[in-house]
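>>> Structure of the sequence below:
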Amino acid sequence: MQGALDEKPYLRGRPVLGRLSVALSRKVIAIIDDDTAVLDGMSSLIEALGYRTEVYSSGEEFINAAPKSDAACLLIDIHLGDITGFELIRHLATMGPLLPVIFMTGAKDATLRKEAIDFGAVACLLKPFPARQLAQAITDAIGSATED
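Residues are numbered from 1 along each chain as shown. So this is what the prediction gives:
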């Protein structure tokens, strides 16, 4: 059974917390990952899905930009170089209401991905993941944020 869990994303279908409806109407997805190839690939994929993107190569870079960000949703790697995705969310929570979060990870650790959902993420996707999983997670994140 453990092997089956390793291949499935964990979805919960609700945001960490809501934020400005103005940002939601812009449909901007902020991508935070320390791997530039992932940033480039995710940005291209998300833009092909019809969204705009903002890319950040570290948690600190996003923390500094967060007050000016137009993001409706955050796509965050759990293992950033400077801090973890969990630490980033804890820090952002001290700055105000949080946006919906989608975590991603290359770690084939079902417990870690379940922890991300328990932490409040809309989804936690195992890299590499199919475009349709990401598209569904973004739809769930943005849709559930407008319900708040």
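
>>> so what's residue 60 up against?
If a contact means Cβ atoms under 8 Å, 6 or more residues apart in numbering, then residue 60 has 82-83 as its contacts. Using the backbone N, CA and C atoms, a C-beta is placed for each residue, glycine as well.

>>> and it, that one's in a helix?
Yes. Under DSSP: H, G, I helix; E, B strand; the rest coil, residue 60 falls within a helix.

>>> State the distance from residue 41 to residue 35.
9 Å (Cβ to Cβ, to the nearest Å).

>>> The top strand by length along the chain: partners in the sheet, and parallel or antiparallel?
Taking DSSP state E as the criterion, the chain has its longest strand at strand 71-77. Sheet pairing of strand 71-77 (DSSP bridges) gives strand 28-32 (parallel), strand 101-105 (parallel).

>>> can you pull the contacts of residue 43?
Going by Cβ under 8 Å, 6+ apart, residue 43 touches 31, 53, 55.

>>> in what helix or strand does it lie?
Using DSSP states H and E, residue 43 maps to helix 36-48.

>>> can I have that helix written out in CSV, keeping just the CAs?
In CSV, the C-alpha atoms belonging to helix 36-48 read as follows (Å, rounded to 0.1, in the frame of the first residue of the first chain):
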residue,chain,number,x,y,z
THR,A,36,15.9,27.4,-12.1
ALA,A,37,15.0,24.6,-14.5
VAL,A,38,11.9,23.9,-12.4
LEU,A,39,11.0,27.6,-12.3
ASP,A,40,11.3,27.8,-16.1
GLY,A,41,9.4,24.7,-16.8
MET,A,42,6.6,25.4,-14.3
SER,A,43,6.3,29.0,-15.5
SER,A,44,6.0,27.8,-19.1
LEU,A,45,3.4,25.1,-18.2
ILE,A,46,1.3,27.4,-16.0
GLU,A,47,1.3,30.2,-18.7
ALA,A,48,0.2,27.5,-21.2
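
>>> Show the residue spans covered by the strands in this protein.
Secondary structure of the chain (DSSP E): strands located at 10-11, 28-32, 52-56, 71-77, 101-105, 123-126.

>>> for the longest helix anywhere in the chain, which positions count as buried?
Ranked by residue count and defined by DSSP state H, the top helix of the chain is helix 131-147. Residues of helix 131-147 classed as buried by neighbour count (16 or more other Cβ atoms under 10 Å): 133-138, 140-142, 144-145.
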